[in-house]
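Student: Provided below for reference: sequence and predicted model.
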Amino acid sequence: MDHVIILLIFLAGAFMEYRVLMKKRQIRDIVVSACFLSVGVALVLLRQLQVNLPSPMMGINVLFKPIDLFMSRLLK
């Protein structure tokens, strides 16, 4: 039941926002906002279902580890 309430709140907010954006013909803004909203809804629902999500720090470590190793070798 909580999942339905969460989805309804997200959809109500999106409807109000997208209605204004459609009047202004800002299609790019709608697409970007819909992408961020769908990722946010997915993460909230996964968290609500108690799925174990990795920390964002793991992704940052994966991205910057090669740069860290390169800089370490340069400064030795």
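Tutor: Everything's here; your move.
Student: tally of neighbours for L63?
Tutor: 9 (other CB atoms under 10 Å). Heads up, the C-betas are built off the backbone N, CA and C, glycines and all.
Student: So for stretch 23-43, what gets flagged as buried?
Tutor: Neighbour-count burial for stretch 23-43 flags I30, L37, V41 (criterion: 16 or more other CB atoms under 10 Å).
Student: Quickly find the element holding the last one.
Tutor: Per DSSP states H and E: V41 is located in helix 27-48.
Student: next SSE after that helix?
Tutor: Scanning forward in sequence from helix 27-48 by DSSP H and E, the next helix or strand is helix 56-75.
Student: re earlier: which helices and strands does the helix holding V41 pack with?
Tutor: Helix 27-48 sits against helix 2-23, with contacts defined as 3 or more CB pairs under 8 Å, 6 or more residues apart in numbering; DSSP states H and E.
Student: Average pLDDT for the helix it packs on, rounded please.
Tutor: Here helix 2-23 scores 86 as its mean pLDDT.
Student: please renumber so the chain begins at 55
Tutor: From this message on, residue numbering opens at 55, which makes the last subject helix 56-77.
Student: Go through it and flag the buried ones.
Tutor: F64, A68, Y72.
Student: how close does the first one sit to L91?
Tutor: Think F64. In this view, F64 and L91 are 7 Å apart by CB to CB, to the nearest Å.
Student: what do you get for the last one?
Tutor: Y72 sits 10 Å away from L91, going by CB to CB.
Student: just F118 next, same as before
Tutor: 28 Å.
Student: Next: V85.
Tutor: Distance of V85 to L91, given as CB to CB: 11 Å.
Student: next one: H57
Tutor: 16 Å.
Student: OK, contacts around L103?
Tutor: H57 (CB atoms under 8 Å, 6 or more residues apart in numbering).
Student: So it versus V93, what's the distance?
Tutor: Per CB to CB, L103 is found 16 Å from V93.
Student: Likewise for I114?
Tutor: For I114 relative to V93 (CB to CB), the value is 17 Å.
Student: go on, S87?
Tutor: Taking CB to CB, one finds S87 at 11 Å from V93.
Student: Kindly report the same for K130.
Tutor: Plainly put, K130 is 40 Å away from V93 if you go by CB to CB.
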